[in-house]
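Student: sequence first, predicted coordinates after that:
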Amino acid sequence: MKKILVTGSLGQIGSELVTKMRSIYGSDNVIATDIRDNGSNVVTEGPFEILDVTDATKMYDLAKKYEVDTIVHLAALLSATAEKKPLLAWNLNMGGLVNALETARELKCQFFTPSSIGAFGPSTPKDQTPQDTIQRPTTMYGVNKVAGELLCDYYFTKFGVDTRGVRFPGLISYVAEPGGGTTDYAVEIYYEAIKNKRFTSYIDKGTYMDMMYMPDALNAIIDLMEADSTKLKHRNAFNITAMSFEPEQLAAEIKKHIPEFEMSYDVDPARQAIAKSWPNSIDPTAAQEEWGFKSEYDLAKMTVDMLEKLKIKLS
Ligand code: SER
């Protein structure tokens, strides 16, 4: 990776990945793009261009203009929004991906795009979900993710594009908030714990999902992209995870630091149904063996850091 084009740079992952990549590869070597300009450091601290990922010509032209050799394609609608607007999700998630893959093919770029625990469905084994298993998701987001995994494999075998990817669990961070996801409750809870000392969860108690703190997610992207390709038996959509918890466990961890914190429930049937269709925990062995995936943050360590950083941010 020397010169990198990032789509969806102002989203939850991009907002931190761009900064981290600029510190590693140099500010001028990370071209951030997004459909909007929010004036943040991603926009001001290096090259930034407006890009709607459904505009194939503009994506290609930007990649060519900056002579990039790597594309990190992040722009996508998350699960709950995709369920509300399935056709838009199909057009944006699949249209954006195929445009990014075509650009990578034509300009011989290395390629990364995230898949998700959303690529699994109700018939997938729920606990320690294997790397290679049944994938029959019941959400539009899941359909997009499975199709995306297959498409990335196809571009590798058919055209030799160096495509790589992981299945991210719910990502927790204090910099940019996620939007329209099912796992977002695990981010919102920290904001509400600091602001109001209470949180009403739209995900029901007892609903386990995999999660990861953003620093581990960023390292995973960079480590996979830097990994020796001869060691990769899989290329796309490695299972990775750092922890699995349900809302009560998260609340109990927050209570250790904010004893007055109170949790109540007002379950959203739409997002609860999505959560129920996903695994309780996934098995990251293939990622560990093939490119040395590791995570640093468990629930306790993440909670200490989240609360500390958010207190500063919100004060
Ligand atoms: N965090 C995502 C969501 O909830 C899953 O990839 O949609």
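Tutor: Cool, the structure landed. Model, not experiment: these values are computed from the prediction. Numbering: from 1, shown residues only.
Student: and this structure, which residues reach the ligand?
Tutor: Counting by Cβ under 6 Å from any ligand atom, the chain comes close to the ligand at 78-79, 116-118, 141, 168, 170, 181-183. Backbone N, C-alpha and C define where each C-beta goes, glycine included.
Student: where does this protein have low pLDDT?
Tutor: Residue ranges of the chain with pLDDT under 70: 1.
Student: quick one, helices of it?
Tutor: Using DSSP state H, the helices found in the chain span residues 14-25, 41-44, 56-65, 79-84, 86-89, 95-107, 140-159, 185-195, 214-226, 247-255, 269-277, 285-291, 299-314.
Student: return the set of buried residues in the longest one.
Tutor: Read it as helix 140-159. Of all the residues in helix 140-159, those buried under the rule 16 or more other Cβ atoms under 10 Å are 140-149, 151-153, 155-156.
Student: just give me the closest of these to the ligand.
Tutor: Proximity of the buried residues of helix 140-159 to the ligand (Cβ to the nearest ligand atom) peaks at residue 141, which lies at 6.0 Å.
Student: I'd say the closest one and residue 77 touch.
Tutor: Yes. Between residue 141 and residue 77 a contact is recorded at 7.3 Å, counting by Cβ atoms under 8 Å.
Student: nearest residue to the most centrally placed residue in the chain in space, please, no chain neighbours.
Tutor: Centroid check for the chain by Cα atoms, centre = their mean gives residue 168 as the closest residue, at 5.3 Å. Taking Cβ to Cβ, 6 or more residues apart in numbering as the measure, residue 168 lies nearest to residue 114, with 5.0 Å between them; neighbours along the chain are not counted.
Student: I figured that neighbour hits residue 13, correct?
Tutor: Yes. Look at residue 114 against residue 13 with Cβ under 8 Å: they come within range, at 7.2 Å.
Student: dump the residue contacts of the closest residue to the ligand within the stretch 201-315 of the chain.
Tutor: Minimum separation of the stretch 201-315 of the chain from the ligand (Cβ to the nearest ligand atom) falls at residue 274, amounting to 7.4 Å. By Cβ atoms under 8 Å, 6 or more residues apart in numbering, the contact list for residue 274 reads 79-80, 83, 118, 139, 141, 182.
Student: mark which of those are buried, thanks.
Tutor: Among the contacts of residue 274, those scoring as buried are 79-80, 83, 118, 139, 141, 182 (criterion: 16+ other Cβ under 10 Å).
Student: mind putting these into JSON lines with distance to residue 35?
Tutor: Formatted as JSON lines, the buried ones among the contacts of residue 274 follow (distance: Cβ to Cβ, whole Å):
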{"residue": "79", "distance to residue 35": "19"}
{"residue": "80", "distance to residue 35": "19"}
{"residue": "83", "distance to residue 35": "21"}
{"residue": "118", "distance to residue 35": "22"}
{"residue": "139", "distance to residue 35": "23"}
{"residue": "141", "distance to residue 35": "19"}
{"residue": "182", "distance to residue 35": "22"}
